[in-house]
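Q: only the shape, not the letters, is given here:
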């Protein structure tokens, strides 16, 4: 049984999609630990409601930085929970070493654009402002850059003339919730095949 660790900063809708896929038999895994950098994040409440161990990452008061000490402690907690694959679900801090070294090729992220287009924050707003005719979401391996890791899968949505940033975000989230669990399953098979 593949053990997943989830890092999130917000509502946890992608974590819920992963959990739904597990419960629906589409993903053979279990969520072993959920961690958030915000004490009041809804993702922690979702974890509690589903009896999943959870906790808060102490980032020493930094608003956007992910201090090395906090990353070491996060890695320690993930390892202690037996986590084999880390899934970022709306986690708004850049992951670097030591987490990348401790979980090589084992940290995934989902981003609300067709990378390399619109990396960073509020990608759906960027797409609307740019007059894009197409957007979507991307699951990628995490590296030390901002949404620059190797792409594992994408899903596309059409941007219509009457789309707002809000409506486009909703379209993208629908695809995220379908794509992320599927790519997690696919990547787990790849790792097993490579014996990693």
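A: Received, thanks. All of these numbers come straight from a predicted model, not from anything done at the bench. Residues are numbered from 1 along each chain as shown.
Q: in terms of pLDDT, where does residue 196 sit?
A: Looking at residue 196, its pLDDT is 61.
Q: kindly apply the preceding question to residue 193 instead.
A: pLDDT recorded at residue 193 is 84.
Q: mind giving me the packing neighbours of the helix or strand hosting it?
A: Counting by DSSP states H and E, the element that carries residue 193 is helix 165-194. When contacts are defined as 3 or more Cβ pairs under 8 Å, 6 or more residues apart in numbering; DSSP states H and E, helix 165-194 sits against helix 13-23, strand 29-36, strand 85-88, strand 107-111, helix 123-130, strand 134-141, strand 151-158. Any C-beta I mention is one placed from the backbone N, CA and C, and that applies to glycine too.
Q: the fourth one pairs with which strands?
A: Strand 107-111 has the following sheet partners, assigned by DSSP bridges: strand 85-88 (parallel), strand 134-141 (antiparallel).
Q: tell me the mean pLDDT over the first one?
A: If I follow you right, that is strand 85-88. For strand 85-88, the mean pLDDT works out to 98.
Q: name the residues that touch that strand?
A: 2-8, 14-15, 18, 29, 78, 95, 99, 103, 106-110, 142, 180, 184, 187-188, 191 (Cβ atoms under 8 Å, 6 or more residues apart in numbering).
Q: in PyMOL, how would I select just the buried ones from the residues you listed?
A: Buried residues within these, by 16 or more other Cβ atoms under 10 Å, are selected in PyMOL with:
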select buried, resi 2+4+5+6+7+8+14+15+18+29+78+95+99+103+106+107+108+109+110+142+180+184+187+188
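Q: which ones are touching the most far-flung residue of the chain relative to its centre?
A: Centroid-distance maximum for the chain: residue 161 at 29.1 Å, with Cα atoms, centre = their mean. By Cβ under 8 Å, 6+ apart, the contact set of residue 161 is empty.
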